[in-house]
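Student: below is the sequence, then the predicted model.
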Amino acid sequence: MTQPPFPQARMEVEILQAYSAPLEGRRGLLRLDFNENTLGPSPLVVEAIRAIPAEHYAIYPEYNGLREAVVANLMATTPGLARPLVPAQIGLFNGVDAAIHAVFHAFGELGHILLTTRPTFGYYGPCARMQGMAIEAVPYEGPEFAFPLEEIRRILLDVPRPRILLICNPNNPTGTRLAPEPILELAAAAPHTLVVVDELYEAFTGDSVLPLVDFAATPNLLVLRSLAKTAGLAGLRIGFAIGAPSVVDRLARVTGPYDINSFAVTAALAALADQAYIDGYVAEVLRARGWILAQLAAAGVRHHAAGGNYFLLWPESPALEVERRLRKARILVRSMAGKPLIEGSLRVSIGTIEQMQRFWEAYAAIEGLSGAELSA
């Protein structure tokens, strides 16, 4: 039977391959594949959600106080902030994925250029392509995956100027870190390019531009933050864009009025009020990071860890087979198959020391690392 015709989407959408990730069947397993908080949110978040009256389910969400809470949290957790922040500088989104989409929807245009690096977060590309943008993706440099600063600067200042420069800092998946000063210099040198800094993993290794930035002087700079990786709200979807009020306003113009649900708003307010929980979780991840990297080094396993709550490792056995066997042991990691420069590696998220001990015991058994022993 012939399928009836249907309305054709825009040409950019017809040729687009959607970004997808293996999201099904992950509950109940040790989740070391998507760089999430591996414990869950603060008890205050759970308590706040449970306290939402049933009749509030029928009311459209209200955002009063959330921007102010984000400002207060950033002011308290960003020592040496160059300029005070105000609520008009905070954009609220249904996760940072929605913020990235809004950036391209508001500023991306047919034939214009997205400048970024590779390998990096896979959602940047589809967002650029759906707007018909060209993509200049500069590879990281050398065995340490150094940031290609000079090549980025050259392309940024060339003609035609890129419309958007997107820097993931630290970068997912290589962990590459870039100090804030060069980022600010790039933004100042290219005032007609929107410089977006994706700081989802900044809490684990620092390097934020926020302490130094003056959005009045560099209104073309935008910073993305989330409560998914640290506060454990990945399932509720809440993200922020921090920048000049004029840029945040343009993002709001292409965002739905009720995109963030009431549960996410309640959870975000509770999470921001319990910074001690976030700090404690980050500290535990950093302790676990030190532990697992010591095991990898002692066993002679090729690995790379520069920033964020994750690392890359290259197993001796085929990576996909190791990934499959780890899943059989109820441990999830992420294959980097198809990623330039890091083909054949696995990305492993870092949780608690106990969780990393469980991972290491299973990995060592799969790889036959006879000399690998758990050591505190």
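Tutor: Perfect, I can see it now.
Student: and the gap between the closest residue to Y123 other than its chain neighbours and V159?
Tutor: Excluding the flanking residues, the one nearest Y123 by C-beta to C-beta, 6 or more residues apart in numbering is Y19, at 4.9 Å. Quick note: C-beta positions are derived from backbone N, CA and C, even for glycine. Using C-beta to C-beta, to the nearest Å, Y19 is found at 30 Å from V159.
Student: for R26, what are its contacts?
Tutor: Residues in contact with R26 (C-beta atoms under 8 Å, 6 or more residues apart in numbering) are D33, L332.
Student: ok, N35 touching F311?
Tutor: No: the pair N35 and F311 fails to qualify as a contact (C-beta atoms under 8 Å) at a distance of 10.6 Å.
Student: joint contacts of these two?
Tutor: R347.
Student: the nearest residue to P87 once chain neighbours are set aside is in what secondary structure piece?
Tutor: Computed as C-beta to C-beta, 6+ apart, the closest residue to P87 that is not its neighbour in sequence is R67, at 3.8 Å. In the assignment (DSSP states H and E), R67 maps to helix 66-77.
Student: what are the buried residues along that helix?
Tutor: L66, R67, A69, V70, V71, N73, L74 (16 or more other C-beta atoms under 10 Å).
Student: all the strands of the stretch 151-300 of the chain, residue numbers only.
Tutor: 164-168, 194-198, 221-226, 239-243 (DSSP state E, counting those that start in this stretch).
Student: most packed of these?
Tutor: strand 194-198 (a mean of 27; mean count of other C-beta atoms under 10 Å).
Student: got the contact list for that one?
Tutor: Against strand 194-198 from outside (C-beta under 8 Å, 6+ apart): 96, 100, 103, 107, 121, 163-169, 183, 186-187, 209, 218, 220-224, 247.
Student: tell me the strands beside it, with direction?
Tutor: Strand 194-198 pairs in its sheet with strand 164-168 (parallel), strand 221-226 (parallel), by DSSP bridges.
Student: helices of the stretch 251-376 of the chain, residue ranges please.
Tutor: 262-272, 275-299, 319-328, 353-367 (DSSP state H, counting those that start in this stretch).
Student: so for the second one, mean pLDDT?
Tutor: This predicted structure assigns helix 275-299 an average pLDDT of 98.
Student: and the angle for that helix with helix 353-367?
Tutor: Following axes from the mean of the first three to the mean of the last three C-alpha atoms, to 10 degrees, one obtains 30 degrees for the angle between helix 275-299 and helix 353-367.
Student: can you list the domains in the protein?
Tutor: 11-40+276-367, 43-274 (automatic domain parsing).
Student: point out where the chain drops to low pLDDT.
Tutor: Applying pLDDT under 70 to the chain flags residues 1-4, 20-23, 371-376.
Student: wait, A146 touches T176, no?
Tutor: Yes: A146 lies in contact with T176 (C-beta under 8 Å); the separation is 6.9 Å.
Student: where do the contact lists of the two overlap?
Tutor: Y140.
Student: more neighbours, the two?
Tutor: Neighbour totals were compared for A146 and T176, and T176 leads with 25 against 14 (other C-beta atoms under 10 Å).
Student: next, that one: phi, psi?
Tutor: phi -60, psi 130 (degrees, to the nearest 10).
Student: follow-up on the earlier one: need the domains of the chain in TSV with distance to P5, can you?
Tutor: Listed next are these as TSV, based on distance: least, C-beta to C-beta, whole Å:
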stretch	distance to P5
domain 11-40+276-367	14
domain 43-274	23
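Student: what about the closest residue to L222 other than its chain neighbours, distance to L149?
Tutor: Spatially, and ignoring its direct neighbours in sequence, L222 is nearest to G243 (4.0 Å; C-beta to C-beta, 6+ apart). For G243, the distance to L149 (C-beta to C-beta) stands at 22 Å.
Student: and for D214?
Tutor: For D214 relative to L149 (C-beta to C-beta), the value is 22 Å.
Student: next: L81.
Tutor: In terms of C-beta to C-beta, L81 sits 25 Å off from L149.
Student: what does F311 give?
Tutor: For F311, the distance to L149 - C-beta to C-beta - is 23 Å.
Student: also Y201?
Tutor: For Y201 relative to L149 (C-beta to C-beta), the value is 19 Å.
Student: of the two, which one has the most company?
Tutor: Y201 (23 against 16).
Student: separation between the more buried one and G256?
Tutor: From Y201 to G256 the distance is 27 Å (C-beta to C-beta).
Student: residues in contact with P119?
Tutor: Counting by C-beta under 8 Å, 6+ apart, P119 has contacts Y140, P173, T174, M336, K339, P340, L341, I342.
Student: contacts only, for the residue nearest to P87.
Tutor: P87, A88, I90, L92.
Student: secondary structure class for the last one?
Tutor: Here L92 is strand, with the state taken from DSSP: H, G, I helix; E, B strand; the rest coil.
Student: give me the nearest residue to it, chain neighbours excluded.
Tutor: Nearest to L92 is I260, by C-beta to C-beta, 6+ apart, at 5.7 Å.
Student: residues touching the one you found, list them.
Tutor: P61, Y63, L92, F93, N94, R237, I238.
Student: redo the strands paired with strand 194-198 as TSV? Include distance to T193.
Tutor: Output for these, formatted as TSV (distance: least, C-beta to C-beta, whole Å):
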stretch	distance to T193
strand 164-168	5
strand 221-226	10
